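Enquirer: Please work out how this folds:
(2 chains)
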2 protein chains.
Amino acid sequence: MSSTLQQIPDGGVTSPNGFHAGTAKAGIKDGLLEKKDIALLYSEVPATAAAVYTTNLVKAAPLAVTKESLSKGHCQAVVVNSGNANACTGEQGVADAIEMQKLAAESLGVAKDLVAVASTGVIGVTLPMDRVQKGILAAAETLTATGSEFAEAIMTTDLVKKQAAVKMSIGGTTVTVGGAAKGSGMIHPNMATMLAFITTDAAVEQSSLQQALRQITGRTFNRITVDGDTSTNDMAVLLANGVAGNDPLSENHPDWPVFLQALEFVALHLAKTMARDGEGATRLVEVSVAGAVHEADAEKAAKTVVGSSLVKTAVFGADANWGRIMMALGRSGAEVDAAKVDIWIGGVQVAEQGLGLPFDEAAAKRQLEEDPVVIRVNLNIGEGAATAYGCDLTYEYVKINGSYRT
Amino acid sequence: MSSTLQQIPDGGVTSPNGFHAGTAKAGIKDGLLEKKDIALLYSEVPATAAAVYTTNLVKAAPLAVTKESLSKGHCQAVVVNSGNANACTGEQGVADAIEMQKLAAESLGVAKDLVAVASTGVIGVTLPMDRVQKGILAAAETLTATGSEFAEAIMTTDLVKKQAAVKMSIGGTTVTVGGAAKGSGMIHPNMATMLAFITTDAAVEQSSLQQALRQITGRTFNRITVDGDTSTNDMAVLLANGVAGNDPLSENHPDWPVFLQALEFVALHLAKTMARDGEGATRLVEVSVAGAVHEADAEKAAKTVVGSSLVKTAVFGADANWGRIMMALGRSGAEVDAAKVDIWIGGVQVAEQGLGLPFDEAAAKRQLEEDPVVIRVNLNIGEGAATAYGCDLTYEYVKINGSYRT
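Expert: As a prediction, this is how the structure comes out:
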C-alpha cells in the first residue's frame, strides 16, 4: 500500500465518520435464529451515491427497486438480507423489496427513495416478510453494530467476513474509506454473487463518484472468478456522506488520485478476500498476464486461466500442469502467439517461448501449495498487463453446491 | 432413429467396406504396455476427406500437419496416438508429427500426404518417438483390428469406448457410415479434447462432404460441454472411400437428406457418449431450449445451462435448484424475458412464467437421478430450439483433474 494510505485494523463500513450499522437474526432461510441475516447501514446525512449492478438478464427484485431509488444519486441507508435472494419471485418479489425499503425508511426515519435494498441467498423462494419485518425493526433499534457485524450479517456460504478500511489526507482533512462485501460462489467477472458496500466520509461530486466506482470495479470485483456463474443479485454501492468536511472531490482535484487509490485498495482487498473464500477453495490464485497487445487482452487471458476448471483442479492437486495454462490462453480470445509465451508458477519458470523448460517438480509443487498461488504469464507481443483472481476447484466445492438448497 | 437407417450392433469405423484398422500397445505415456495407444485407420483406396479443427489458438503439432495434407480433400490413412498430445512441443513436435505421418505412410504403402495424424493426452511433453515408431510398425503389420479396438486405442481418461455405425440404401445401393471418438475432459463447444473419425463407403463429392461435416459438427460435437475448456488437439475427420459403388452423392442428390441423417446419427451418438463419459460424470444431462428468438440463441442458452458449474453440481446432488437454471439463462447472452420462462426437470414442471411452481420435491429428485437427466426450457419469445449435452460435476472430476499429469 502506498504510504499516503493508512490501513485501519478491523476497519469496515462504519469506519468513516457518520456511518452506523444495525444487524439482527431473523431466521430468513429456515426460521432458525443461528446467524445474523438482516443488516442496516445508515448515514447521519444523505450521501452522494454510486452503484453498479449485475449484467445477468435475470435480475432479482431488489435491484430494480434500488436502481430506481439511487437514480438521483443520493442514498442514506441500505437494508440487506441474507438467506434469500428474492430473485425469480415475480411481482410478489418486487412488492417485498419495496416493503423492505419502506420498513427500513420508517424505522430509520429517512425518505423511502434514499434506501437501497439488497438480498442474497437462494433463488426462487419468496421472502418470509413477517420475519424480515421483525429483523429490520430489531436491527434499526440500536444501530450500534460494528462494521464486522455488518459484514457477518450479509454472509451466506462465506466462511470469512470481508471488510477493509483506510484513511488518508485530502487537502489537510482526514478522510476514510471503508467497505464490506459478501461473495463465495457464483462469482465471475461482471458482478457475480457479490454484494459490496463501500462508504466514505469524503465529499465527492456524484458523476466523479460513479465514474470512480466503475473504474475500480473493472479492476477489482470484475477480475475475480470462482465458478464462471454470474448471479442475479450482484451490486456494488458506494456512499460518500461528506461528513469529513473536505473540499468536494472530483476528477480535477489534485488529491483525486489518492482517493481513487484508497477506493481501489479497499475494493481489491474485498475482491481478493472473496476469491480466496470461493466455495470450497483452499487457496487464492493470482494470475498476472503481461506482454499482451493491450490491457483488455491481458484481462481476458488472465481471467480465462484463473477460471479454467482444469487449471483450478491442477492447482488443488498442486500439479504443475502448465499445458493447461497454455490451453486456456489459447481459448481466451486474446491474441496469443504460442511460440512466444513464457510461464512461471511462483518463482519457477516452467515454459519459455511456448516450450516446457526442465524444472524442479518438487519446487513447482511447493509453489502450488502456497497461498496465494501466483501464476505469471508473459505473452511477449505487447505492453498490456492485468491480474485476475480466483481459487482452486475442490471436492468441497462439489459438496457445497450439490446440496445448497435442499 | 428413422426407419430408413439401420443401426449396426457394435459397428464402428471398420463397418463401411474398404476400411481396416490396426492397433498396438507402445507405452507412450509411461513406458508401460498396459493400454493400446497407437491406432491406424486405412482405406483400400484413397478417400474423399473433410475435416474440422479446434478453435484454440494454441494448436497441437499434428493439426498443422494434418491440415496441410488434407487440404487437397483426400486421405487414405489416419495414424493416432493416445497418451501424449504432442502440443506445446515447438519445432520438435512438428518434426515428430511429420515423422509419424511418414512412418504410417511407409508401413501402409500409401502416399505421405494421404495420411492424417492425431494425438491426444498430456500437453507439453515431446513424444517418445522410438516407442511411437515400434507401435506404428506393429499396428500396420496385420490391420485386422476391429472398430472397437480402434476406439479403445484412442482413449485417454475415457472410461467407455465411443463408436457407432448405421447402414442405409442410397439409390438401391447399401451404404454404411461408421465412427469412433474419444473425449472426456476439456470438452466444450467448438471442438474440445475430442478426436472423431467417421468413415463411409459412400462416394461423396468433396465440397458436399466438407459442408456436411461442418453442419453435423455444429449440431452434435459442438453442442457438448464437460468443463468449458477447449483442447489444443481436437479434430473431426470424415472419410468417404466410394467402395459401395453408389452414384456420387452431393447436396442435389435425392438421397442426400438420408445420408446427412446417417452422419448426424453417428455423430450425435458419439457426442452423447462423450458427454455421458465426461470426467467423473455419473449422468448425461440433456438441456433442450425452445421458444428462443432463433436457433443460435437457443443454442447459447442450452449450452450455458448445461455448462454451468452450479447446475452441474445441483444435478450431481439431485437438487431441483431451478433458480440456477434461471441464472444461467440470464447470463447466456441469449434474449431472455425472465417473466416468460417455463422450466421442466424431467416430467416435472418447476417454474412457469419465471416463477416457481409448487412441485413434488421427491418426484423432481427422482428425475435428477435418472440417466439421462432431461431439462427442458421454454423461453416463450420465439421459435428457435436447440439441445445441448453435458454431464454432472462430481468429486471424481476434481480427483481426476487434480492429479492427471503427476
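Enquirer: show me where chain A has helices.
Expert: A:61-70, A:90-108, A:129-142, A:147-153, A:206-219, A:256-276, A:295-307, A:309-316, A:322-331, A:361-369, A:395-402 (DSSP state H).
Enquirer: buried stuff in the longest one?
Expert: The reference is to helix A:256-276. A:256, A:258-276 (16 or more other Cβ atoms under 10 Å in any protein chain shown). (C-beta placed from N, C-alpha, C; glycine too.)
Enquirer: so what's the nearest residue to A:E299 once chain neighbours are set aside bridging to?
Expert: Distances taken as Cβ to Cβ, 6 or more residues apart in numbering or on different chains put A:A386 closest to A:E299, at 4.0 Å, once the chain neighbours are dropped. On the basis of DSSP bridges, A:A386 is bridged to A:V289.
Enquirer: What residues does A:A386 make contact with?
Expert: A:223, A:288-289, A:292, A:295, A:298-299, A:301-302 (Cβ atoms under 8 Å, 6 or more residues apart in numbering or on different chains).
Enquirer: Looking at these, which is nearest chain B?
Expert: Chain B lies nearest to A:A301 out of the contacts of A:A386, by Cβ to the nearest Cβ, at 10.5 Å.
Enquirer: How about the residue in chain A that sits furthest from its center?
Expert: Note on chain A: the largest C-alpha distance from the chain mean falls to A:P358, namely 38.7 Å (Cα atoms, centre = their mean).
Enquirer: Residue of the stretch 1-150 of chain A nearest chain B, please.
Expert: Closest point on the stretch 1-150 of chain A to chain B, by Cβ to the nearest Cβ, is A:I123, at 2.5 Å.
Enquirer: Just give me the neighbour total for the closest residue in space to that residue that isn't next to it in sequence.
Expert: Closest residue in space to A:I123, ignoring its immediate chain neighbours: B:G323 at 2.5 Å, by Cβ to Cβ, 6+ apart. Neighbours of B:G323 under the rule other Cβ atoms under 10 Å in any protein chain shown: 28.
Enquirer: B:G323: what's it in contact with?
Expert: B:G323 sits next to A:85, A:87-88, A:122-124, A:232, A:405, B:356 when contact means Cβ under 8 Å, 6+ apart.
Enquirer: ok, back up a step: would you point out the most distant pair within the contacts of A:A386?
Expert: Across the contacts of A:A386, the longest distance by Cβ to Cβ is 14.2 Å; it joins A:R223 and A:A292.
Enquirer: Name the residue in the two with the higher neighbour count.
Expert: Taking neighbours as other Cβ under 10 Å, A:R223 and A:A292 compare with A:A292 leading, 28 against 24.
Enquirer: so where's chain A shaky on pLDDT?
Expert: Along chain A, the parts satisfying pLDDT under 70 run over A:1-3, A:184-193, A:226-230, A:403-406.
Enquirer: care to break it down by domain?
Expert: A:6-276, A:284-402 (automatic domain parsing).
Enquirer: Let me have those domains in TSV, extended by distance to B:A212.
Expert: Formatted as TSV, these follow (distance: least, Cβ to Cβ, whole Å):
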stretch	distance to B:A212
domain A:6-276	33
domain A:284-402	26
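Enquirer: just so I know, which of the ones you listed lies nearest B:T199?
Expert: Among these, domain A:284-402 comes nearest to B:T199, with 28.7 Å by Cβ to Cβ.
Enquirer: Quick one: distance of the closest one to the chain centre.
Expert: 22 Å (Cα atoms, centre = their mean, to the nearest Å).
Enquirer: In CSV, list the C-alpha atoms belonging to the strand ranked longest in chain A.
Expert: In chain A, with assignment by DSSP state E, the single longest strand is strand A:38-53. Extracted C-alpha coordinates of strand A:38-53, given in CSV (Å, rounded to 0.1, in the frame of the first residue of the first chain):
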residue,chain,number,x,y,z
ILE,A,38,-30.5,-8.6,8.4
ALA,A,39,-28.1,-5.7,8.1
LEU,A,40,-28.7,-2.0,8.0
LEU,A,41,-26.3,0.7,7.0
TYR,A,42,-27.2,4.2,7.9
SER,A,43,-25.6,7.6,7.2
GLU,A,44,-26.3,10.6,9.5
VAL,A,45,-26.9,12.7,6.4
PRO,A,46,-28.0,11.8,2.9
ALA,A,47,-24.9,10.6,1.0
THR,A,48,-23.9,11.0,-2.6
ALA,A,49,-24.3,7.5,-4.1
ALA,A,50,-23.0,5.5,-7.0
ALA,A,51,-23.9,1.9,-7.9
VAL,A,52,-23.2,-0.9,-10.4
TYR,A,53,-25.4,-3.9,-11.0
